[in-house]
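Enquirer: Okay, sequence plus prediction incoming.
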Amino acid sequence: MSIIRTGREPRSKLRTRNPTANELFVYDNTSKSKLCLFCDEASHSSINCAYGRSLPIEKRKSILIKRGSCFRCIKPGHVSSLCRARLKCTNCGKRHLDIMCYGEKKRSDNEKPESKEVTENTTLANNSCSREVYLQTLIAYIKENNLKHFIRVIIDMGSQRSYISKFTARKMKLKGLGEECVNHGLFGGIEHAETHQRYLINLSNVDGSYNFELDVLDEKKICASLPKMNDAHCLNQLKDMLAINERSCLYEKNPGEIHLLIGADYAGKLLTGHIKHLSGSLVAVQTLLGWTVMGKSDIINTNKNCSLLVLSLHVNNAKISDLWNLDSLGIKEDSAKRTKTETQELALEHFRETVSRDSTGRYKVNLPWLDGHPPLHDNKELAQKRLKNTVKSLKSKNRLNEYQEVFNQWENEGIIEQINPDKVNPESLGIHYLPHRAVFKDNSTTKVRPVFDRSAKTRNSVSINECIEKGPNLIEMIPAILNRFRWGEIGVISDIKQAFLQIALNESDRDVLRFMWWKDGDPQNTVTYRHCRVVFGISCSPFLLAAVLNHVLDQVEKPLRSLAVKLKDS
């Protein structure tokens, strides 16, 4: 009897090495079949290669010939005449992939080419060779909700908090601990508040010998992709100290992405104190998560693209208006470097110097303009387009007359005034038109009211709210007011009717608050108004109202001073 053995022989147990956390020494063992045909990258497929699409079609065909690939499906092993793939190009409808299309998709008259804004801050330099600079990056192991992933980490001692990318938070299905508002500032400039989701994550080195928990905030993008080390001499110096990590990391678009930033709140506890000086200015620093390398390499970077930019950890939406905020251009003063408190104090001081009363006893104020603000465009064309949509909507709802009656009432009360659009007051600080729309509340005493878009702006321009200082918050917190309200047995509540509209604007600021209206919905009967009172919705309006109320109470005569103090604190 003979015994026939079926199936495969059991594999011998593979001997594995314990990789370290040092991401800088990862090598790519991706098989060639998974690399892009056009750029030899593994981070995307050939059909989605941006570099390939940028090449002329003849150059793409030349690359495919060298690879032995089909012109239709770009797969190797056959020619296009023998290709059986069922394909349909979305541009021309013929049988090939989009990336191999000879022609471009025709745009309709109304379709505009898509524009993309750069979202990485770059510093231009002269076109010269530079040396590679490495930041402290490594690979760590994140474990949560029975999910485990390797991610690239950067250690940044200049950050007070630690951050995780929103992409990683979604992938790991992290549960938020709540929201936290953080003021961000760069190079001593103006701070801006941003709300982040908080998470508690578990992080360890790659062999699991050390792990700890850290509290992080989410961020859409932590920084630009950072290069891996390619200094062969340094790699040779560290080969005895470190094993090469061959595992792949979690990434969204390319493997160079950073998805966790460990700030000064946790970085200190990770340092072991062991460092190793390498060639040039490079230094290897040991942490509990593994070794990191930082400094300038001896290798000359001849890559033209890299030599022309310096990556910054700060990521922001690049806009033309941002250029006006650069002191180096000489366009504006050094006001951008003032702290928030200083700018608010200047707004309060400006109010005290300009507040006055007219012949009827009404208080008049000026808008608190930012020093050296960008030029404010008239916005007239945008306002006209929005007015057309507003009138069309009102006609469809049969409420045009109701909306127009509000403007008639305002004009009778002196809240707005009709003007000649071609006539400009010599004292005016500029001309700016506000788009407006109708808001209906049938269950309210004011069933319809116009709402003015103070943030409206055209491309490469700024809105009026971006040119005005918001001013300090002079309104007390609600919990303190409620506690005082409960002291007595009887509570008294009062309200100022149309409070913002009780405060007049000086002549110099009225032309920047213009708006248009079509009487009876007729575009041939266009009238131009301008606001004579403080407009609800302008960023400084709450500050101006509170400042006027405090000013009134501060001017009260001595017999009623105690009552004024109580009202001021209520």
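Expert: On my side now, so go ahead. Given the structure is predicted, the values throughout are model-derived calculations rather than measurements.

Enquirer: residue contacts, Ala499?
Expert: The contact partners of Ala499, by C-beta atoms under 8 Å, 6 or more residues apart in numbering, come to Leu545. C-beta: built from backbone N, CA, C; applies to glycine.

Enquirer: Check what pLDDT it gets.
Expert: Looking at Ala499, its pLDDT is 87.

Enquirer: Would you mind measuring from Asn412 to Leu545?
Expert: Separation of Asn412 from Leu545 (C-beta to C-beta, to the nearest Å) stands at 23 Å.

Enquirer: neighbour-wise, which of these two wins?
Expert: Leu545 (20 against 9; other C-beta atoms under 10 Å).

Enquirer: Quick check: which element contains the more buried one?
Expert: Leu545 belongs to helix 541-554 when assigned by DSSP states H and E.

Enquirer: How about the helix or strand following that helix, which residues are buried there?
Expert: Note on helix 541-554: by DSSP H and E, the next helix or strand toward the C-terminus is helix 561-568. By neighbour count, with 16 or more other C-beta atoms under 10 Å as the criterion, the buried positions of helix 561-568 are Ala564.

Enquirer: helices and strands around helix 561-568, which ones?
Expert: helix 541-554 (3 or more C-beta pairs under 8 Å, 6 or more residues apart in numbering; DSSP states H and E).

Enquirer: Could you list the residues in contact with the helix it packs on?
Expert: Against helix 541-554 from outside (C-beta under 8 Å, 6+ apart): 347-348, 351-352, 355, 363, 365, 368, 470-475, 499-500, 503, 534-535, 564-565, 567-568.

Enquirer: can you do 7 Å?
Expert: With contacts defined as C-beta atoms under 7 Å, 6 or more residues apart in numbering, helix 541-554 is touched by 347-348, 351, 355, 363, 365, 470-472, 474-475, 499-500, 503, 534-535, 564, 567-568.

Enquirer: Rounded mean pLDDT for it, please.
Expert: Here the average pLDDT along helix 541-554 is 88.

Enquirer: Give the buried residues for that helix.
Expert: Here helix 541-554 shows 541-549, 553 as buried, counting by 16+ other C-beta under 10 Å.

Enquirer: between that helix and helix 561-568, how many degrees?
Expert: 160 degrees (axes from the mean of the first three to the mean of the last three C-alpha atoms, to 10 degrees).

Enquirer: can you give me how far helix 541-554 is from the chain middle?
Expert: The chain centroid and the centroid of helix 541-554 are separated by 33 Å, computed with C-alpha atoms, centre = their mean, to the nearest Å.

Enquirer: Extract the C-alpha set from it and format it as PDB.
Expert: The C-alpha coordinates for helix 541-554 follow below in PDB (Å, rounded to 0.1, in the frame of the first residue of the first chain):
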ATOM      1  CA  SER A 541     -22.000  95.800  16.200                       C
ATOM      2  CA  PRO A 542     -22.300  94.000  19.600                       C
ATOM      3  CA  PHE A 543     -19.200  95.800  20.900                       C
ATOM      4  CA  LEU A 544     -20.500  99.200  19.700                       C
ATOM      5  CA  LEU A 545     -23.900  98.600  21.400                       C
ATOM      6  CA  ALA A 546     -22.300  97.600  24.700                       C
ATOM      7  CA  ALA A 547     -19.800 100.400  24.500                       C
ATOM      8  CA  VAL A 548     -22.600 103.000  24.000                       C
ATOM      9  CA  LEU A 549     -24.700 101.600  26.900                       C
ATOM     10  CA  ASN A 550     -21.600 101.700  29.200                       C
ATOM     11  CA  HIS A 551     -20.900 105.200  28.100                       C
ATOM     12  CA  VAL A 552     -24.400 106.300  28.800                       C
ATOM     13  CA  LEU A 553     -24.300 104.800  32.300                       C
ATOM     14  CA  ASP A 554     -20.900 106.400  33.000                       C
END
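
Enquirer: Which elements pack onto the top helix by length along the chain?
Expert: As assigned by DSSP state H, the longest helix anywhere in the chain is helix 380-396. On a contact count with 3 or more C-beta pairs under 7 Å, 6 or more residues apart in numbering; DSSP states H and E, helix 380-396 meets helix 400-413, strand 436-440, strand 514-518.
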